[in-house]
Structures are given as C-alpha cells and as structure tokens.
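>>> below are the sequence and a predicted model; questions follow.
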Amino acid sequence: MKILVSLTSLIAFLLVVLAGPLYKFGIIELGTAFTGFKFGVYAGIAALVLLALQFLLRRKTVTLGSAIMAVVLSAIAIAMPLSMMSKAKSVPPIHDISTDLVNPPEFITIAPLRADAPNPVEYDGIETAEQQRTAYPELRTLSYPQPKAELVAAVEQAVKNLGWELVNADASKGSVEATDTTMWFGFKDDVVVRVNDEGSERLVDIRSKSRIGGSDLGKNAERIHTLIEELNAVLAK
C-alpha cells in the first residue's frame with residue numbers, strides 16, 4: 001500500500017503541475033489541461049484516503065518521510081486548482097480591462113498578432129465596463145506633468161523592467177504596446193498604453209486584454225496595477 005499511496009500522490013501532483021507546461025509547449029489542448037486539473041484533484045483526494053487507510057490497517061508500513069511526501073504532493077494537487085476556482089468566483093468573468101471605459105486605448109500594432117485569438121481585439125463593451133466598475137473602481141485615467149515623449153520613454157522602460165515583450169513604442173502618437181506571457185500556461189495577454197495631452201497635464205490610460213479565456217482570474221487588473229507601480233518607480237528615479 002505504501003507504493004500505491006506514493007504513486008497516486010505523485011500522479012496527482014504531475015497531473016496538475018505539468019498541465020500548464022504541456023499546454024504552453026503545444027503538447028496538449030487547453031481543455032485537456034483543465035481535465036488534468038480535475039483528475040489531479042481526484043487523485044490527490046484518493047492518495048490521502050489511501051494514506052489514512054494505511055495508517056489504520058497497516059501502520060507498520062508507514063514511514064514518516066513517505067507519509068509527509070504523499071501529503072505534500074496531494075495537498076499541492078488539490079490546493080492549486082481549488083485556489084484558481086476560488087479566485088474565479090471572487091472576480092468578474094471578464095478579460096478586457098481598461099482605465100478608460102468610455103474610450104479604451106486601441107490595439108494597433110498588436111491587432112494582427114491577435115488575428116487568430118479567440119478573444120477579438122475590439123473592446124468587450126458596456127457589460128464588461130459595468131462589471132469592471134464594480135470590481136476594480138480604483139482603475140482610472142492617470143495624470144502626469146511630464147512631457148509626452150518622457151512618459152512614453154518611461155512606459156517603454158517599465159515594460160522592459162517587467163520582462164514583457166515590447167511590440168511598439170511611438171512617442172509622437174503617445175502609444176506603447178506590449179505582450180506579457182504568463183509563466184505557467186504561457187497565455188499571451190496584450191497591453192496598450194495611451195498618452196494624451198490635456199493642457200499642462202498628460203492623461204495616461206492603460207488597457208490589458210487576454211487573447212484566450214473568458215475569465216482572466218483578475219490577472220489583467222493586476223497587470224495594470226503592476227505597470228502603474230513600475231512606471232511611477234521609473235519616473236521617480
């Protein structure tokens with residue numbers, strides 16, 4: 001039974017942890033990856049049940065090391081998918097976030113790169129805007145005193161500091177476009193920053209949109225916050 005417990009917990013762990021990389025490198029489809037999540041949770045629970053039975057029926061075969069390893073692997077296999085499910089329930093099922101909900105910045109250079117993406121380049125509309133207002137009321141147009149060219153250069157530097165792929169930067173148009181590839185699944189999410197003159201101030205708007213998926217689990221709003229923080233850090237130097 002000891003071997004069965006160890007094997008089951010290892011399978012559970014691999015089903016969950018490897019789902020992302022296997023999808024990222026095109027070995028499996030996204031649906032298959034999520035199916036792996038489901039069976040990983042089942043296998044993790046099964047491993048814990050088997051471990052409990054081993055304690056009850058064959059206690060002498062239990063070793064501390066193998067028991068701890070089985071618990072850790074099973075806990076990871078169960079916790080990671082459940083954490084994602086919990087996150088999905090706590091945020092709106094949207095994937096297009098903008099600081100300007102009336103006139104969101106447009107993707108220009110990135111548009112052809114999203115030609116085959118399930119999520120179209122166009123803004124998702126009023127329903128998405130209403131859900132964003134409720135979930136992320138703090139995301140609004142930013143105002144800076146720096147010249148447009150300086151702000152564009154600062155945004156470009158912030159993008160590079162964050163390790164995103166810079167797609168285009170145009171100081172004359174006040175536009176920066178970039179792509180952020182997520183670590184685990186390799187999802188590509190696109191970002192566009194727009195800088196407009198408004199008297200003595202510059203208005204900066206940021207939009208982040210996923211290429212695939214209905215809900216972004218709050219990632220796009222998080223990305224905008226991250227970019228704002230990095231931009232402010234660059235400007236403060």
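Looks like it came in fine. Numbers count the residues shown, from 1 in each chain.
>>> what ranges do the helices span in the protein?
In the chain, the helices defined using DSSP state H lie at 2-17, 19-24, 30-57, 64-90, 126-135, 148-161, 219-236.
>>> export these to JSON lines and tack on mean neighbour count?
In this view, the C-beta of every residue, glycine as well, is placed from N, C-alpha and C. What follows is the helices of the chain, written out as JSON lines (neighbours: other CB atoms under 10 Å):
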{"stretch": "helix 2-17", "mean neighbour count": "20"}
{"stretch": "helix 19-24", "mean neighbour count": "19"}
{"stretch": "helix 30-57", "mean neighbour count": "17"}
{"stretch": "helix 64-90", "mean neighbour count": "16"}
{"stretch": "helix 126-135", "mean neighbour count": "14"}
{"stretch": "helix 148-161", "mean neighbour count": "19"}
{"stretch": "helix 219-236", "mean neighbour count": "18"}
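>>> quick one: which of those is nearest residue 112?
Of all the helices of the chain, helix 148-161 sits nearest to residue 112, with 19.3 Å by CB to CB.
>>> and the contacts of that closest one?
Identification of contacts with helix 148-161 by CB atoms under 8 Å, 6 or more residues apart in numbering yields 144, 146, 166, 169-171, 174-176, 178, 191, 193, 195, 197, 202, 204, 227, 230-231, 233-235.
>>> could you export that helix as PDB, CA atoms only?
Extracted in PDB, the C-alpha atoms of helix 148-161 (Å, rounded to 0.1, in the frame of the first residue of the first chain):
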ATOM      1  CA  LYS A 148       4.500  63.000 -23.700                       C
ATOM      2  CA  ALA A 149       7.900  61.900 -25.000                       C
ATOM      3  CA  GLU A 150       9.200  61.400 -21.500                       C
ATOM      4  CA  LEU A 151       6.200  59.400 -20.400                       C
ATOM      5  CA  VAL A 152       6.400  57.200 -23.500                       C
ATOM      6  CA  ALA A 153      10.000  56.500 -22.800                       C
ATOM      7  CA  ALA A 154       9.200  55.800 -19.100                       C
ATOM      8  CA  VAL A 155       6.500  53.400 -20.100                       C
ATOM      9  CA  GLU A 156       8.800  51.700 -22.500                       C
ATOM     10  CA  GLN A 157      11.400  51.300 -19.700                       C
ATOM     11  CA  ALA A 158       8.800  50.000 -17.300                       C
ATOM     12  CA  VAL A 159       7.700  47.400 -19.800                       C
ATOM     13  CA  LYS A 160      11.300  46.200 -20.300                       C
ATOM     14  CA  ASN A 161      11.800  46.100 -16.500                       C
END
